[in-house]
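1. below: sequence and its predicted model.
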Amino acid sequence: MCVSGIILVTGCSVMASRLLWEQEVLGSNPSTPTIRKGNLKIILMRHGSFENPDHIYPGRLAGYHLSEFGREQVIRAAKMMKTNDIRKIYSSPLARTLETAKILAQEIGLDENDIEIKDDLIEMDLPELEGKPMVDFNKSSYAKDPLGEKDGESMRQAGKRIFDFLQKIIGDNQNVVVVSHSDPITGAVALIKSDGQGYKRGKIEKGSFFTIDTVKNPWEVKYTRV
């Protein structure tokens, strides 16, 4: 019998080629977060590929719509998650995540009334880097040390933001999808999997997702690459 669930969709990657282990996300002496048992499965998803002809870091800037390939990724992901009896979708407010959520809804038999936009799921807050070429972004202090103190968010802070949102919805009795962005998802999964098992940042590819079973104690996390 399927436990009901939620889907979350999030966004952009920092340096896909660089490995980031959860010990780095949590710090050298991580404290295990308090994780409450829930009643649902949560699918924590990164948005599909998007149009970015100038190869800049979009951050929270408006625009940046899904590409044709990105739409195909979301359709493939929807087919992989149909057996989870999803009843609701939460999405970051940015175009690339909201478009992902709308395609998911159509493919799994929901309508737009089943999509709820949540600011908690938005991309990293890095205003000094938004609109900068990716070549400059990859040389930035954030790319070199995503956990360090800086203007805007660290990955640890963004992960905690997503993690806290998941804790708010685990009392729901329906499976959900949460659509968000790469680095906030990386930080959140690191907090959930605080048992020494690492995840590579490059592993959270566009259109792919983690399935989180909150009925299990501790939560069970499974990665699906699209």
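-> Cool, got the structure.
2. number of residues surrounding the closest residue to residue 55 other than its chain neighbours?
-> Once its chain neighbours are removed from consideration, residue 55 has its nearest residue in residue 134; the separation is 5.0 Å (CB to CB, 6 or more residues apart in numbering). (Each C-beta comes from the backbone N, C-alpha and C, glycine too.) Using other CB atoms under 10 Å as the criterion, residue 134 is surrounded by 19 other residues.
3. the bottom helix or strand of this protein by mean pLDDT?
-> One helix or strand of the chain scores below all others by mean pLDDT, DSSP states H and E: helix 22-26, with a mean of 44.
4. next SSE after it?
-> Following helix 22-26 in sequence order, the next helix or strand is strand 41-46 (DSSP states H and E).
5. that following strand: what's the following helix or strand?
-> helix 68-81.
6. returning to what we had before: so who does the residue nearest to residue 55 touch?
-> Contacts of residue 134 were listed using CB atoms under 8 Å, 6 or more residues apart in numbering, and they are 55-57.
7. can I get the buried ones among the residues you listed as something I can paste into PyMOL?
-> Entered in PyMOL, the line below selects the buried ones among the contacts of residue 134, by 16 or more other CB atoms under 10 Å:
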select buried, resi 56+57
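8. quick one, strands of this structure?
-> Per DSSP state E, the chain has strands spanning 5-10, 41-46, 86-91, 115-117, 175-180, 209-213, 220-224. These are given in chain order.
9. out of those strands, the one nearest residue 129 is which?
-> strand 5-10 (17.3 Å; CB to CB).
10. so residue 132 makes contact with residue 58?
-> No - the pair residue 132 and residue 58 does not pass the contact test of CB atoms under 8 Å, sitting 10.0 Å apart.
11. more neighbours: which of the two?
-> Under the criterion of other CB under 10 Å, the comparison of residue 132 against residue 58 puts residue 58 first, with 22 against 17.
12. how about the strands of the chain in CSV, adding mean pLDDT, mean neighbour count and distance to residue 127?
-> Formatted as CSV, the entries for the strands of the chain read as follows, by pLDDT from 0 to 100; neighbours: other CB atoms under 10 Å; distance: least, CB to CB, whole Å:
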stretch, mean pLDDT, mean neighbour count, distance to residue 127
strand 5-10, 47, 31, 18
strand 41-46, 97, 30, 22
strand 86-91, 97, 26, 22
strand 115-117, 98, 17, 21
strand 175-180, 98, 31, 19
strand 209-213, 96, 23, 28
strand 220-224, 93, 14, 30
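13. any chance of CSV for those, columns distance to residue 64?
-> Formatted as CSV, the strands of the chain follow (distance: least, CB to CB, whole Å):
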stretch, distance to residue 64
strand 5-10, 14
strand 41-46, 14
strand 86-91, 14
strand 115-117, 16
strand 175-180, 14
strand 209-213, 20
strand 220-224, 24
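14. looking at these, which is nearest to residue 194?
-> Distances from residue 194 to each of those were compared using CB to CB; the minimum, 11.0 Å, belongs to strand 220-224.
15. nearest to residue 47, of the contacts of residue 134?
-> Comparing the contacts of residue 134 against residue 47 with CB to CB places residue 57 closest, at 14.8 Å.
16. what's the closest non-adjacent residue to the closest one?
-> Spatial nearest neighbour of residue 57, excluding adjacent residues (CB to CB, 6+ apart): residue 137 at 4.2 Å.
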